[in-house]
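Peer 1: sharing a model that was predicted from the sequence below.
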Amino acid sequence: MKQKVIRLSQRYLTALRTHLQPGPRANLLPALGLGRQAAALGVETLALARIHERALVTLDLSKGKKGVLKRANDFFIEANTPVEEMCRHLRQPEMPLRRLKATLGQRTKELAATKRQLQRGVVQRKVMQNAAENSGLHHKKCLEESLELQRRLRQLTHRVLAAQEADRKTISRELQDEIAQTLLGINVRLLSLKQEARINHAGLKHEIASTEKLVTKSAKSFRRVAREYRRL
């Protein structure tokens, strides 16, 4: 796997160098192809951003090359598109939250129904036990059955609680993944702004406004998912 990622980095560097060469503006199909290869390898946005940064360092882009960093950023965004689509497809945060919430609710209902059933059984066994004690019949057997029912009730309660905790941990991991991916996107955009500010002041205001919208959208998404999580 490591060797495949290294070869992908080399291909990325070659394609980016070609894309940035002077002349007619090259299309972004090579970047899209590299992004699909990265997605097939399971490379996430963070790893792809590191590959892009290493390529920028290797190419040693100077301040005097007007528009080069913008073209490099467009190349990265196009390459990252299949990776983002792959991540969204794998996470799909809203559907798992609703599904896990429904599962937790169903398991809670099943636990309550099973507890009622077992409690009725315990009561019945106690009645039988008392009757057996009074009559002197089957005392030992009824006592063992009652103890077995109590043991099963404890085991079932433990399993359901463990399953609920596992579901909550799964939701927590998905929230962390979504937050990490969003913050990474913001970090990459800020890196691009920092580099763009050195050579292109005209487009900086537009890029900053776009980044602010991304932060606002991300914050709304985090609050929405957090509300869903608190309802569980």
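Peer 2: Looks like it came in fine. Because the structure is a prediction, the values reported are computed rather than measured.
Peer 1: right, and the helix or strand after the longest helix along the chain?
Peer 2: For the chain, the helix that runs over the most residues, judged by DSSP state H, is helix 139-196. The helix or strand immediately downstream of helix 139-196 is helix 204-231, counting by DSSP states H and E.
Peer 1: average pLDDT for that following helix, rounded please.
Peer 2: In this model, helix 204-231 carries a mean pLDDT of 73.
Peer 1: quick one, domains of this protein?
Peer 2: 1-91, 98-164 (automatic domain parsing).
Peer 1: secondary structure class for Gln119?
Peer 2: helix (DSSP: H, G, I helix; E, B strand; the rest coil).
Peer 1: ok, and the closest non-adjacent residue to it?
Peer 2: Of all residues not flanking Gln119 in the chain, Leu153 sits nearest, at 7.8 Å (C-beta to C-beta, 6 or more residues apart in numbering). From N, CA and C alone the C-beta is placed, and that goes for glycine too.
Peer 1: tilt between the longest helix of the chain and helix 204-231?
Peer 2: For helix 139-196 against helix 204-231, the angle by axes from the mean of the first three to the mean of the last three C-alpha atoms, to 10 degrees is 170 degrees.
Peer 1: just name the most buried of the domains of the chain.
Peer 2: domain 1-91 (a mean of 16; mean count of other C-beta atoms under 10 Å).
Peer 1: next one: that one to chain centre, how far?
Peer 2: 22 Å (C-alpha atoms, centre = their mean, to the nearest Å).
Peer 1: mind checking how far Gly67 is from Pro22?
Peer 2: Going from Gly67 to Pro22 by C-beta to C-beta, to the nearest Å gives 11 Å.
Peer 1: again with Ala102
Peer 2: On the measure of C-beta to C-beta, Ala102 and Pro22 end up 58 Å apart.
Peer 1: list the residues that contact the residue nearest to Gln119.
Peer 2: Lys115, Leu118, Gln119, Val122 (C-beta atoms under 8 Å, 6 or more residues apart in numbering).
Peer 1: do you know the pLDDT at it?
Peer 2: 85.
Peer 1: gap between it and Gln195?
Peer 2: Taken as C-beta to C-beta, the span from Leu153 to Gln195 is 64 Å.
Peer 1: and for Leu69?
Peer 2: 5 Å.
Peer 1: repeat for Ile179
Peer 2: Here the criterion is C-beta to C-beta. By it, Ile179 lies 25 Å from Gln195.
Peer 1: comparing those two, which residue is more hemmed in?
Peer 2: Gln195 (18 against 14; other C-beta atoms under 10 Å).
Peer 1: now do the buried residues in stretch 172-185.
Peer 2: Residues of stretch 172-185 classed as buried by neighbour count (16 or more other C-beta atoms under 10 Å): Glu174, Leu175, Glu178, Gln181, Thr182, Leu184, Gly185.
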